[in-house]
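Trainee: Sequence first, predicted coordinates after that:
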Amino acid sequence: MAITLLLHIQNTEPILGEVEEIPDPADQFLKISNPRKLDGKDLHYLAEKVVTVLLPIHNITMVEIMPSEEEEQIIGFVRE
């Protein structure tokens, strides 16, 4: 199951992408599939047919793990 990440990269806007597993703190690169802007558009600095990129961890300032569709459908505490 792919995990969607929101990556905040130094000196550029955040991007979305999928990974197979959460990155390990010892990793030096992050392998991202289907990299795109937040609005789903292609990244202007990548070639047209690129589907996977390796990003060096030292350029990434923060990684957000986005909820899956299954998690979004879970109903939490509801106060009546």
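Mentor: That came through, no problem. Residues are numbered from 1 along each chain as shown.
Trainee: all strands of the chain, in order?
Mentor: Per DSSP state E, the chain carries strands over the ranges 3-9, 15-19, 29-36, 52-56, 60-65.
Trainee: okay, those strands, which one's buried deepest?
Mentor: strand 15-19 (a mean of 19; mean count of other C-beta atoms under 10 Å). (Each C-beta comes from the backbone N, C-alpha and C, glycine too.)
Trainee: Including distance to Asp42 and mean pLDDT, could the strands of the chain go into CSV?
Mentor: Compiled in CSV, the strands of the chain are given as follows (distance: least, C-beta to C-beta, whole Å; pLDDT from 0 to 100):
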stretch, distance to Asp42, mean pLDDT
strand 3-9, 16, 95
strand 15-19, 11, 96
strand 29-36, 6, 96
strand 52-56, 12, 96
strand 60-65, 20, 94
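Trainee: Just send these back as a markdown table, with distance to Leu43 too.
Mentor: A markdown table is the format used below for the strands of the chain (distance: least, C-beta to C-beta, whole Å):
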| stretch | distance to Leu43 |
| --- | --- |
| strand 3-9 | 10 |
| strand 15-19 | 6 |
| strand 29-36 | 6 |
| strand 52-56 | 9 |
| strand 60-65 | 15 |
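Trainee: Can you report phi and psi for Ala2?
Mentor: phi -80, psi 140 (degrees, to the nearest 10).
Trainee: any idea how far the nearest residue to it once chain neighbours are set aside is from Lys49?
Mentor: Nearest non-adjacent residue to Ala2, counting by C-beta to C-beta, 6 or more residues apart in numbering: Glu18, 3.9 Å away. To Lys49, Glu18 is 17 Å away according to C-beta to C-beta, to the nearest Å.
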